[in-house]
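[1] sequence plus the predicted model coming up.
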Amino acid sequence: MAIIPELKTRQVQTLNELSKRKVVEHNSLITSIAKMDKTPLKMFELAVSLIDTENPPEDHTVYLSKREMFAFFNVDDSNKHSRFKEAIEKMQKQAFFQIKKEHDKGFKFVSIVPIPYVEWTDYNDEVKIEFHREIMPYLINLKTNFTQHALSDIAELNSKYAIILYRWLSMNYNQYDHYSVKGGRREKQVESYRNPTISMQDLRQITDTVDEYKRFYNFEKWVLKEPLSEITNHTTLNVTYEKIKKGRSIDSIVFHITKKQVADDGSYKLDDPAYIDDKISQEESEEKLVYQAMKSPYTKLLMEHFLLSYIDLTDTATLSGLQKKVYPLYDELKELRGLNGVKEHLAYIRDKQDDYSKKNIAKYLKKSIEQYLPIVKRQDIDYE
């Protein structure tokens, strides 16, 4: 079998290099219905990580090392070859993506078996994987509307729902990460990427649970609580959620996503070195601001007035924003009216809070104090 040199090099990558791989997919594939269980889905993600998006394979074929695959699935027992064969057969016989595409005045639905051909021998380390031609546009030549995430994060997830939710949450957070730095979106829209909302109908569709877990108690346990616990414990994302009711029923779910401070977080990055240096500097200064905010007496006051929650204390962007933009203004108010003046202001704005301000607490507090300080200063001038 003739092997392209670049692919030959790729197939003998060390296990350490496996952890550096990224998976890049079009957002339409992220939001499609994955009609498969966790093993075929993880196998697909592993195969996609082998595609060089800058130099995609013309024959839709990549070569995977069995050694890497067994490491990825954490398989080291004696029957690993029979388990590998079973996983391949399941992927080809059961697995497909159902993709919704805009068409004329509505939508059309396309079902694609992603990997129809796999070839291997019992005496060679190499596995030949050929993607279906119809799946390739969702994996290569991606200029916009795509998501990149770390393969190592997927490796740690052990349920189908955790993998599906992780891909969807990464899609949203990567857009937040991009637009919060580069601009191009309104602030409210940027925040919505970090706190994405999905209807129960859409959530059931992408998790393929339209006809399963009819009782919300069971749905919440198996599709939300346990998968999100996996994601928070084993990936670069911290995720919480809120249930939004309409009448007596749960209408939608709002997720709240924060990123763990790690060196190689797998999020969307631009290739501009100046951007990367600026990002590193920004992260270092943010850590300092977060530390200062945690030590600030104003943080304690905000907690006492129920303007900050314990979830907010895990959000580095909120804490650094408060320390940088809000607390210096509280210092000004303290000089004018003393600490009691700050407390009175917080008590007043707490009573004026609405649902939107709770989701954008740093912005709400900043706007409130910016509006109040000029009034205080004018009052002091009038008094004099």
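    Everything's here; your move.
[2] three-state assignment of Asn124?
    State at Asn124, reduced to three classes by DSSP: H, G, I helix; E, B strand; the rest coil: coil.
[3] count of residues packed around it?
    By other Cβ atoms under 10 Å, 10 other residues sit near Asn124. Glycine gets a C-beta too; all of them are placed from N, C-alpha and C.
[4] show the contacting residues for it.
    Contacts for Asn124 (Cβ atoms under 8 Å, 6 or more residues apart in numbering) come out as none.
[5] how about Glu102?
    Contacts of Glu102 (Cβ under 8 Å, 6+ apart): none.
[6] now do the strands in this structure.
    Assigned by DSSP state E, the chain shows strands spanning 22-26, 33-35, 61-65, 96-103, 106-112, 117-120, 126-130, 146-150, 197-199, 237-246, 249-259.
[7] partners of the fourth one, with directions?
    Its sheet considered, strand 96-103 pairs with strand 33-35 (antiparallel), strand 106-112 (antiparallel) by DSSP bridges.
[8] pLDDT value on Asp77, please?
    At Asp77, the model reports a pLDDT of 60.
[9] give me the residue at the spatial middle of this protein.
    Ser170 (2.3 Å; Cα atoms, centre = their mean).
[10] wait, that residue sits on His149?
    Yes - assessed by Cβ atoms under 8 Å, Ser170 is found in contact with His149 at 4.3 Å.
[11] what's the span of stretch 242-258, first residue to last?
    Chord length of stretch 242-258, first to last residue, is 15 Å (Cα to Cα, to the nearest Å).
[12] mind listing residues that contact that stretch?
    169, 172-173, 176, 194-200, 203, 216, 220, 224, 237-241, 311, 314-317.
[13] for the protein, longest helix please?
    helix 327-351 (DSSP state H).
[14] name the helices or strands packed onto it?
    Counting contacts by 3 or more Cβ pairs under 8 Å, 6 or more residues apart in numbering; DSSP states H and E, helix 327-351 is packed against helix 297-304, helix 361-383.
[15] now the last one against helix 327-351, angle please.
    Helix 361-383 and helix 327-351 meet at an angle of 100 degrees, taking axes from the mean of the first three to the mean of the last three Cα atoms, to 10 degrees as the criterion.
[16] flag every buried residue along helix 361-383.
    Within helix 361-383, the residues that count as buried by 16 or more other Cβ atoms under 10 Å are Ile361, Ala362, Lys363, Tyr364, Leu365, Lys366, Ser368, Ile369, Tyr372, Leu373, Val376.
[17] hmm, the second one is touching Gln323, no?
    So that's Ala362. No - using Cβ under 8 Å as the test, Ala362 is too far from Gln323 to be in contact (9.7 Å).
[18] stretch 120-130: how far from the chain's middle?
    Offset of stretch 120-130 from its chain centre (Cα atoms, centre = their mean, to the nearest Å): 33 Å.
[19] flag every buried residue along it.
    Residues Trp120, Glu126, Val127, Lys128, Ile129, Glu130 are the ones in stretch 120-130 that count as buried (16+ other Cβ under 10 Å).
[20] out of those residues, who's nearest Asp52?
    Nearest to Asp52 among these, counting by Cβ to Cβ, is Ile129 at 14.1 Å.
[21] which residues touch the closest one?
    Ala47, Leu50, Thr61, Val62, Tyr63, Leu64, Ile115, Tyr117, Val118.
[22] closest to Lys22 out of the strands paired with strand 96-103?
    Among the strands paired with strand 96-103, strand 33-35 sits nearest to Lys22 (Cβ to Cβ), with 19.3 Å.
[23] possible to save the buried residues of helix 361-383 as JSON lines with distance to Lys105?
    What follows is the buried residues of helix 361-383, written out as JSON lines (distance: Cβ to Cβ, whole Å):
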{"residue": "Ile361", "distance to Lys105": "42"}
{"residue": "Ala362", "distance to Lys105": "43"}
{"residue": "Lys363", "distance to Lys105": "39"}
{"residue": "Tyr364", "distance to Lys105": "41"}
{"residue": "Leu365", "distance to Lys105": "46"}
{"residue": "Lys366", "distance to Lys105": "45"}
{"residue": "Ser368", "distance to Lys105": "46"}
{"residue": "Ile369", "distance to Lys105": "50"}
{"residue": "Tyr372", "distance to Lys105": "51"}
{"residue": "Leu373", "distance to Lys105": "53"}
{"residue": "Val376", "distance to Lys105": "57"}
